[in-house]
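In: give me the fold of what follows.
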Amino acid sequence: MANISPQGARVLSWIDEHREEVIGFLQDLIRIPSVNPWFTTDGEICREGEAQALVAEKMKALGAEIDLWEPDPADLARYEGHPGYYADHRFEGRPNLAAVVRGTGGGRSLLLAGHIDVVLPGEGWTRDPFGAERADGRIYGRGTVDMKGGVAAMIMALEAVLRSGLRPKGDVTVGTLVDEEAGGMGTLAFVDRGYGADGCFMTEPSGLMVSPLCRGILWGKLTVRGRSGHIEMPQGDWRDGGAVDAIDKARLFLDQIDRLNRDWKDRKTHPLQPTPCQVYVSQIAAGEYPTSFANRAEIHFNAQYLPSEADEKGRGTAVQAEIETFFRRVAETDPWLRENPPEVEWLIDADCGEIPGDHPFVTLCAESLRALGVDPVVQGSSCHTDMGWFIRRGTPTVNFGPGDPRIAHHTDEFVEEEELLTATKAMALALVDWCGVDEA
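Out: Modelled structure (predicted):
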């Protein structure tokens, strides 16, 4: 695909002529605050259903067959123990969407997938997080990067092909999914419903890098118990009823996590990953009163794992066991902790996925960028994406989308307008080449 075909050139011209429509569609998505309810009880900003209605309206106008449904944990109970299944998640008003544009026949099928939920804006914004403000060639707002920018680009890429008077030979499915930010149950429901393709763009932000793998992510909580007592008073030996400072005991684990990370740095690496897997402490909560030693300390952590470490179900159970053993050995070095061992609770196991770096779909994505004058970079995604279930169900998947993934979840999150348009063009060219096209 070193040269752009006449059909591809038509599609690129359409995108250039309709750039404001591409940007405007992203702005419309941003203005709907589709915050995942995992992070809040504020129903006013948990409007995933409204965002899905906007996508459904767009896809109906393109002639797609629409399948809009609310995942049911009871119907998915057979997946207990698999990635993405959480019996307590609820989906009232939070539907998945699959929109299928039927091909004329004889071409490969394509799936364009992305999640519609976002995290809370948080504090410190200098712009309206749901205002979709444009300034200095950027679009600002929660989700511009993670990942409504990718959703807008993939849908507008398909629209560009269709509005250019072309029809894909293979079926093209647009899947917009809920609940990714809290574990990926929307994707589980999507593949359970039978959706897949010969190739898939998972349009998570990649900075236009082509990512044929992502790491798995574990969220855990370590609870370290102490014994409260007046902090200003002398305390005797804990065996005689003296206080034990849970913060002091937690510090022991924090120090040893640094040692664990030095070990992981040398052996938990991948040639396509820019950084090794690590255990990152993300939250610490301890103590009840300024005048008391802490009765307990809670350490939340995030640990990554590689596809090679996943079990037969795609989960990080071996890494969980490794971390549990590590914490147990740390506890054995302290008399109090030996008798009062800490508790480990696993909150999230977000699965990983990988296809070969030289897979034809990876090569196609790289060549689409090269045709646009962009030197392609093939590199794994350091964070979790929903590609794992697609790959395990036989759909070769790459992460590819606009936006710097480091800006995801930041205050004043933004995507560059030109990067949004380049991603739209690259996916449109790949669609033309992968699926084949006929004149409409």
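In: assumed Thr176 was part of a strand.
Out: Yes. Checked against DSSP: H, G, I helix; E, B strand; the rest coil, Thr176 lies within a strand.
In: give the other helices and strands that the strand or helix carrying Gln7 contacts.
Out: Using DSSP states H and E, Gln7 maps to helix 6-17. With contacts defined as 3 or more Cβ pairs under 8 Å, 6 or more residues apart in numbering; DSSP states H and E, the packing partners of helix 6-17 are helix 148-163, strand 166-168, helix 417-435. Using the backbone N, CA and C atoms, a C-beta is placed for each residue, glycine as well.
In: let me know which of the ones you listed is the nearest to Gln235.
Out: Nearest to Gln235 among those is helix 148-163 (54.0 Å), distances taken as Cβ to Cβ.
In: hang on, the earlier thing: who wins for proximity to Ala246 among the helices and strands packed on helix 6-17?
Out: That would be helix 148-163 among those, by Cβ to Cβ, at 41.4 Å.
In: next, the angle helix 417-435 makes with that closest one.
Out: 50 degrees (axes from the mean of the first three to the mean of the last three Cα atoms, to 10 degrees).
In: can you give me the helices for the protein?
Out: Residue ranges of the helices in the chain, as given by DSSP state H, are 6-17, 19-30, 48-61, 148-163, 185-192, 246-267, 317-331, 335-339, 360-371, 387-392, 417-435.
In: nearest to Pro37, of these?
Out: Taking these one by one with Cβ to Cβ, helix 48-61 is closest: 8.5 Å.
In: which other residues reach the closest one?
Out: Under the criterion Cβ atoms under 8 Å, 6 or more residues apart in numbering, residues 25, 28-29, 32, 34, 36, 66, 68, 93-97, 99, 101, 116-117, 151, 155, 159, 174, 176, 178 lie in contact with helix 48-61.
In: go with 7 Å
Out: 28-29, 32, 34, 66, 68, 93-95, 97, 99, 116-117, 155, 174, 176, 178 (Cβ atoms under 7 Å, 6 or more residues apart in numbering).
In: in PyMOL, select just the buried ones from those residues.
Out: To isolate in PyMOL the members of these that are buried, counting by 16 or more other Cβ atoms under 10 Å, one can use:
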select buried, resi 28+29+32+34+94+95+97+99+116+117+155+174+176+178
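In: can you give the domain ranges for this structure?
Out: Following automatic domain parsing, the chain resolves into domains at 6-214+352-439, 216-350.
In: most packed of those domains?
Out: domain 6-214+352-439 (a mean of 21; mean count of other Cβ atoms under 10 Å).
In: what's the average pLDDT for that one?
Out: For domain 6-214+352-439, mean pLDDT rounds to 96.
In: can you tell me the distance between the two ends of it?
Out: From its first residue to its last, domain 6-214+352-439 covers 12 Å (Cα to Cα, to the nearest Å).
In: ok so, going back, so which of the helices and strands packed on helix 6-17 gets nearest Trp389?
Out: So among the helices and strands packed on helix 6-17, helix 148-163 is nearest, using Cβ to Cβ, at 17.5 Å.
In: hey, C-alpha coordinates of that closest one in PDB?
Out: What follows is helix 148-163, C-alpha atoms only, in PDB (Å, rounded to 0.1, in the frame of the first residue of the first chain):
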ATOM      1  CA  LYS A 148     -13.900   9.300  22.400                       C
ATOM      2  CA  GLY A 149     -11.300  10.700  20.100                       C
ATOM      3  CA  GLY A 150     -10.700   7.100  18.800                       C
ATOM      4  CA  VAL A 151     -14.500   6.400  18.700                       C
ATOM      5  CA  ALA A 152     -15.100   9.600  16.600                       C
ATOM      6  CA  ALA A 153     -12.200   8.800  14.300                       C
ATOM      7  CA  MET A 154     -13.300   5.200  13.600                       C
ATOM      8  CA  ILE A 155     -16.900   6.200  12.900                       C
ATOM      9  CA  MET A 156     -16.000   9.100  10.700                       C
ATOM     10  CA  ALA A 157     -13.500   6.900   8.800                       C
ATOM     11  CA  LEU A 158     -16.400   4.600   7.900                       C
ATOM     12  CA  GLU A 159     -18.600   7.500   7.100                       C
ATOM     13  CA  ALA A 160     -15.900   8.900   4.800                       C
ATOM     14  CA  VAL A 161     -15.800   5.600   2.800                       C
ATOM     15  CA  LEU A 162     -19.600   5.500   2.500                       C
ATOM     16  CA  ARG A 163     -20.100   9.200   1.700                       C
END
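In: show me what it is packed up against.
Out: Applying 3 or more Cβ pairs under 7 Å, 6 or more residues apart in numbering; DSSP states H and E, we find helix 148-163 packed against helix 6-17, helix 19-30, strand 110-115, strand 172-177, helix 417-435.
In: can we see that at 6 Å?
Out: helix 6-17, helix 19-30, strand 110-115, helix 417-435 (3 or more Cβ pairs under 6 Å, 6 or more residues apart in numbering; DSSP states H and E).
In: any chance of the helices of the chain in a markdown table with distance to Glu133 as columns?
Out: Below are those laid out as a markdown table (distance: least, Cβ to Cβ, whole Å):
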| stretch | distance to Glu133 |
| --- | --- |
| helix 6-17 | 23 |
| helix 19-30 | 9 |
| helix 48-61 | 18 |
| helix 148-163 | 14 |
| helix 185-192 | 28 |
| helix 246-267 | 39 |
| helix 317-331 | 41 |
| helix 335-339 | 51 |
| helix 360-371 | 28 |
| helix 387-392 | 31 |
| helix 417-435 | 12 |
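In: out of those, which gets nearest to Gly403?
Out: Here helix 148-163 is closest among the helices of the chain (Cβ to Cβ), at 5.0 Å.
In: what about that closest one, distance to the chain center?
Out: In terms of Cα atoms, centre = their mean, to the nearest Å, the centre of helix 148-163 is set 19 Å apart from its chain centre.
In: what's the angle from it to strand 172-177?
Out: 160 degrees.
In: center of this protein - which residue?
Out: Geometric centre of the chain, nearest residue: Thr385, 3.7 Å, by Cα atoms, centre = their mean.
In: what separates that residue from Val437, distance-wise?
Out: Using Cβ to Cβ, to the nearest Å, Thr385 is found at 28 Å from Val437.
In: please apply the same query to Arg138.
Out: Counting by Cβ to Cβ, the gap from Arg138 to Val437 is 33 Å.
In: one more: Tyr79?
Out: 37 Å.
In: again with Arg90
Out: Taking Cβ to Cβ, one finds Arg90 at 41 Å from Val437.
In: endpoint to endpoint, stretch 331-345 covers what distance?
Out: 16 Å.
In: now do that stretch: everything it contacts.
Out: 221-225, 238, 244, 324 (Cβ atoms under 6 Å, 6 or more residues apart in numbering).
In: then stretch 365-380?
Out: 1, 4, 209-211, 213, 272-273, 357, 398, 400, 425-426, 429-430.
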